[in-house]
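Engineer: what follows is a predicted structure for the sequence shown.
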Amino acid sequence: MRACADLVGDARVVGIGENNHHIAEFGALRLELVEFLVAELGFRIVAMESGFAEGALVDDWVRGGDGGFPAADGFTFRFGDAPEVHELMARLRERGDVRYSGLDVPGSGGSPLAALNRLRLWVGGLDGVDDTPIARAIEAVAAATTGYASPNNGVAAGRYAALGDVERDAATAAAARLLMQVEARSDDPVARHLALGVVRLDEQLREFGALGSPDPPPLAVSSRDLYLAVSSRDLYLAVSSRDLYLAVSSRDLYMADSVRLLLRESDARVVLLQHNGHLQRVPLQLVPGVRVRSCGTYLAAELGEAYRAIGVTAVSGTTTTVGLDDSARHGIVVGTQELTPPDPDGIEAALAADAPVLADLRPRRGKSGPSSIRHAHITSPVDVATGYDGIVCLPTMSPAFTG
């Protein structure tokens, strides 16, 4: 672990990645690394690529709350179903001095309901504030999003695409008005962030439609433009670069905002558990000609050396797939797929060994080196030494669960 401590250094935020979700070996590695960061380096917040709104249930449990582990209601995208995640949270609960937070938009990207429910509870506890406009705004969002609200973003995207412009605009306007009402009547940062999650979920569905169009626009407007526009502030534009369409991910923007919120509320050091693609320091490319600013892109720009991105991958084995099934938790069924051999130019080929390897990539920046990394069952092009501060490469990987 000495090498890990050297790589982390004095960083305020450390991201530990994975090339795909629901992988047993990655979960076991994260458990070991998080325990080290907490016990030896004083990290006190563990934040995961799961719903921010839902995460309050997990945080309460980790801090000793009554009841069973909230695997279903406390996580999104079935992240709570992995035994390794349950074990990690159980160990944090035993310690009693670590906070948990979700980072992501609510409802596995398919529904604002979890955020709306928390806002309903918050409104009920307001004292000396006329809560009627906020309550009305909450119910207006619930009504306006029934046309697409779904267990996950895969189903919601299809339902959203089937809506007419009038229905889409009504949902967007309701979300924006909720955010404005919350801000106008309270300076509670958590309530504002919950409302912002509703806006960014709605905008995410618009982004899916834009990326699916045959001729995407040359300028992509960030998912916070709606908020900035209604607040009469300058717009933030993501512009194309080198003939690549630089798209925007509202999920990544929201996760970066979640990290900012955690840093503002506490001076604690933060561990992020995300997919490699979300935490890498440079925009992610999955589709030819299209890049997306990752959460790590924003954090690296703002925090510099106070942010460390540690990617996790494997040379061979079996990865997971995700299908849609209304009968499954969160509407998601987890399957399997055998990995293809490593890309000869990829980091997996460069670090292939019979035992886990931790490579500090910082000395390699500006030099020729691996130009790709596994991303689920495909390979994502990236200058690995620029995108990551370090990489952990395991010999093999396998699903944590299926079904």
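Structural biologist: Looks like it arrived, so ask away.

Engineer: so what touches stretch 150-158?
Structural biologist: For stretch 150-158, contacts defined as C-beta atoms under 8 Å, 6 or more residues apart in numbering pick out 76-77, 107-111, 148-149, 159, 204-205, 208-209, 322, 324, 326, 330-332. All C-beta atoms are positioned from the backbone trio N, CA, C, and that covers glycine.

Engineer: what's the answer for stretch 169-181, then?
Structural biologist: 112, 119, 133-134, 137-138, 140-141, 143-145, 147-148, 163, 192, 195-196, 198-199, 201-203, 206, 226-227, 230-231.

Engineer: what does stretch 130-138 give?
Structural biologist: Stretch 130-138 has contacts (C-beta under 8 Å, 6+ apart) with 116, 119-120, 123-124, 126, 174, 177-178, 181-182, 184-185.

Engineer: I'd like those as CSV, with neighbour count appended.
Structural biologist: As requested, those are exported to CSV (neighbours: other C-beta atoms under 10 Å):
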residue, neighbour count
116, 23
119, 25
120, 14
123, 21
124, 9
126, 15
174, 22
177, 19
178, 29
181, 21
182, 25
184, 9
185, 17
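
Engineer: ok, the residues you listed vs residue 307, which is closest?
Structural biologist: Closest to residue 307 out of the contacts of stretch 130-138 is residue 182 (28.9 Å), distances taken as C-beta to C-beta.

Engineer: what about that closest one, which helix or strand?
Structural biologist: Assigned by DSSP states H and E, residue 182 belongs to helix 165-185.

Engineer: rounded mean pLDDT for that helix, please.
Structural biologist: Averaged across helix 165-185, pLDDT comes to 97.

Engineer: go on, stretch 133-145?
Structural biologist: Averaged over stretch 133-145, pLDDT sits at 97.

Engineer: in it, what counts as buried?
Structural biologist: Residues of stretch 133-145 classed as buried by neighbour count (16 or more other C-beta atoms under 10 Å): 133, 134, 135, 137, 138, 140, 141, 142, 144, 145.

Engineer: spit out the contact partners of residue 62.
Structural biologist: 89, 92, 93, 98, 99, 100 are the contacts of residue 62 under C-beta under 8 Å, 6+ apart.

Engineer: turn these into TSV, including distance to residue 253, neighbour count and pLDDT.
Structural biologist: As requested, the contacts of residue 62 are exported to TSV (distance: C-beta to C-beta, whole Å; neighbours: other C-beta atoms under 10 Å; pLDDT from 0 to 100):
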residue	distance to residue 253	neighbour count	pLDDT
89	26	25	99
92	27	22	98
93	31	17	98
98	26	21	98
99	23	18	98
100	22	23	99
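
Engineer: okay, the residues you listed in a markdown table with secondary structure and distance to residue 276 next?
Structural biologist: Putting the contacts of residue 62 into a markdown table (DSSP: H, G, I helix; E, B strand; the rest coil; distance: C-beta to C-beta, whole Å) gives the following:
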| residue | secondary structure | distance to residue 276 |
| --- | --- | --- |
| 89 | helix | 22 |
| 92 | helix | 23 |
| 93 | helix | 27 |
| 98 | coil | 24 |
| 99 | strand | 24 |
| 100 | strand | 21 |
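
Engineer: between the residues you listed, which is nearest residue 279?
Structural biologist: Distances from residue 279 to the contacts of residue 62, taken as C-beta to C-beta, are shortest for residue 100 (17.5 Å).

Engineer: so that closest one makes contact with residue 90?
Structural biologist: No. The pair residue 100 / residue 90 is not scored as a contact, 11.7 Å apart, by C-beta atoms under 8 Å.

Engineer: residue 35: which of the contacts of stretch 130-138 is nearest?
Structural biologist: Checking the contacts of stretch 130-138 against residue 35 with C-beta to C-beta, the nearest one is residue 119 at 34.3 Å.

Engineer: was I right about residue 380 contacting residue 285?
Structural biologist: Yes. Contact status for residue 380 versus residue 285: in contact at 6.3 Å, counting by C-beta under 8 Å.

Engineer: residues shared between the contacts of these two?
Structural biologist: By C-beta under 8 Å, 6+ apart, residue 380 and residue 285 have no common neighbours.

Engineer: tell me which of the contacts of stretch 169-181 fall in helices.
Structural biologist: When the contacts of stretch 169-181 are checked against helices (DSSP state H), the matches are 119, 133-134, 137-138, 140-141, 143-144, 192, 195-196, 198-199, 201-203, 206, 226-227, 230.

Engineer: for this protein, what helix or strand is lowest in average pLDDT?
Structural biologist: For the chain, counting by mean pLDDT, DSSP states H and E, helix 225-230 ranks last in confidence among helices and strands (a mean of 29).

Engineer: so where do the strands sit in the stretch 201-350 of the chain?
Structural biologist: 219-221, 237-239, 245-247, 269-273, 284-287, 290-292, 307-324, 332-338 (DSSP state E, counting those that start in this stretch).

Engineer: output those as a markdown table; include the columns mean pLDDT and mean neighbour count.
Structural biologist: Shown next, in a markdown table, are the strands of the stretch 201-350 of the chain (pLDDT from 0 to 100; neighbours: other C-beta atoms under 10 Å):
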| stretch | mean pLDDT | mean neighbour count |
| --- | --- | --- |
| strand 219-221 | 35 | 18 |
| strand 237-239 | 32 | 14 |
| strand 245-247 | 80 | 19 |
| strand 269-273 | 99 | 24 |
| strand 284-287 | 88 | 18 |
| strand 290-292 | 89 | 21 |
| strand 307-324 | 98 | 22 |
| strand 332-338 | 97 | 15 |
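
Engineer: how about low-confidence regions in this structure?
Structural biologist: Along the chain, segments meeting pLDDT under 70 span 211-244.
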